[in-house]
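Enquirer: need a 3D model of the following:
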Amino acid sequence: MQTGTVATREEWLEARLALLAKEKAFSRARDELSELRRQLPWVRVEDYEFATQTGPRTLADLFDGRSQLVVQHYMFAPDWQDGCKSCSFWVDNLQGAIVHLQSRDVSYLVVSQAPLETLLRFKERMGWQMNWVSSAATNFSNDFHVWYTPEQIAVGDTFYNFTKGMHYGEHAPGFSVFAKDDAGDIYHTYSCYARGLDMLNGAYHVLDLVPKGRDEQDLPARMAWLKLHDEY
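Expert: Got it, this is the predicted structure:
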């Protein structure tokens with residue numbers, strides 16, 4: 001690794017304080033953006049039924065007694081043997097946070113199109129603890145624009161990251177947030193896709209601190225370096 005600009009401690013401190021001012025401005029801007037995100041209008045959604053480890057459960061059931069639900073749309077096609085390594089990177093990052101999210105009235109789960117038995121087998125291999133359910137029997141993944149039929153792709157009837165005609169294949173990653181009111185009605189409050197997912201990956205934020213950064217600029221594709229955590 002090549003060294004950066006070498007300076008005295010005093011020169012470093014001067015440069016660091018200048019950067020700190022920009023970091024503080026960014027933090028304030030992020031707080032404002034987060035507030036705008038929370039102010040988005042809510043859209044009432046119909047219930048869906050998923051295959052789960054405890055039998056069929058509705059979206060309402062999956063809140064598990066909490067009023068807020070974060071769903072990770074995980075790319076796992078019915079004929080795949082392994083899950084998406086990039087989606088797995090995000091799941092790895094969130095495992096330790098699940099209990100903390102639950103303490104703040106938030107349930108987190110993962111939804112994929114693959115059959116439940118395939119998902120549970122891979123979950124056991126990865127040693128994950130989150131709830132993972134299959135949406136194969138519903139339109140849930142299609143309605144939230146992370147899975148498309150071959151017919152939709154053929155005619156360009158796709159919609160990803162809020163852009164019509166955009167897609168990266170039959171499956172795509174994302175996160176969606178839902179809320180349940182006191183009457184039991186369910187609302188969609190937020191979704192993010194593509195680079196919008198970066199904020200949910202703590203490992204990427206650590207890499208942003210080190211001299212090499214994410215070090216992805218010379219790779220054939222972003223995250224080409226990534227492996228499932230038991231394959232390094």
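Enquirer: quick check: the gap between the residue nearest the centre of the chain and Asn201.
Expert: Residue closest to the mean C-alpha point of the chain, counted by Cα atoms, centre = their mean, is Phe175 at 4.4 Å. Separation of Phe175 from Asn201 (Cβ to Cβ, to the nearest Å) stands at 11 Å. For glycine as for every other residue, the C-beta is placed from the backbone atoms N, C-alpha and C.
Enquirer: then Gly165?
Expert: Distance from Gly165 to Asn201, by Cβ to Cβ: 27 Å.
Enquirer: cool, and Ser103?
Expert: Going from Ser103 to Asn201 by Cβ to Cβ gives 21 Å.
Enquirer: looking at these two, which has the bigger crowd around it?
Expert: The neighbour count for Ser103 versus Asn201, taken as other Cβ atoms under 10 Å, is higher for Asn201 (16 against 9).
Enquirer: list the contacts of that one.
Expert: Asn201 sits next to Phe89, Trp90, Asn93 when contact means Cβ atoms under 8 Å, 6 or more residues apart in numbering.
Enquirer: with Arg38 instead?
Expert: Counting by Cβ under 8 Å, 6+ apart, Arg38 has no contacts.
Enquirer: now it: how far from Asp31?
Expert: Separation of Arg38 from Asp31 (Cβ to Cβ) stands at 11 Å.
Enquirer: next one: Ala51
Expert: Counting by Cβ to Cβ - Ala51 and Asp31 are separated by 39 Å.
Enquirer: the strands in this protein, which residues?
Expert: 43-45, 49-50, 57-58, 68-73, 106-112, 131-134, 159-160, 163-164, 174-180, 186-192 (DSSP state E).
Enquirer: give me the helices and strands touching the last one, please.
Expert: Strand 186-192 sits against strand 43-45, strand 174-180, with contacts defined as 3 or more Cβ pairs under 8 Å, 6 or more residues apart in numbering; DSSP states H and E.
Enquirer: what would those look like in CSV with mean pLDDT and distance to Glu10?
Expert: Putting the helices and strands packed on strand 186-192 into CSV (pLDDT from 0 to 100; distance: least, Cβ to Cβ, whole Å) gives the following:
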stretch, mean pLDDT, distance to Glu10
strand 43-45, 98, 55
strand 174-180, 98, 44
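Enquirer: any chance of those strands in JSON lines, with distance to Ser27 too?
Expert: Formatted as JSON lines, the helices and strands packed on strand 186-192 follow (distance: least, Cβ to Cβ, whole Å):
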{"stretch": "strand 43-45", "distance to Ser27": "30"}
{"stretch": "strand 174-180", "distance to Ser27": "22"}
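Enquirer: deepest of these, which one?
Expert: Highest mean neighbour count of the helices and strands packed on strand 186-192: strand 174-180, a mean of 20 (counted as mean count of other Cβ atoms under 10 Å).
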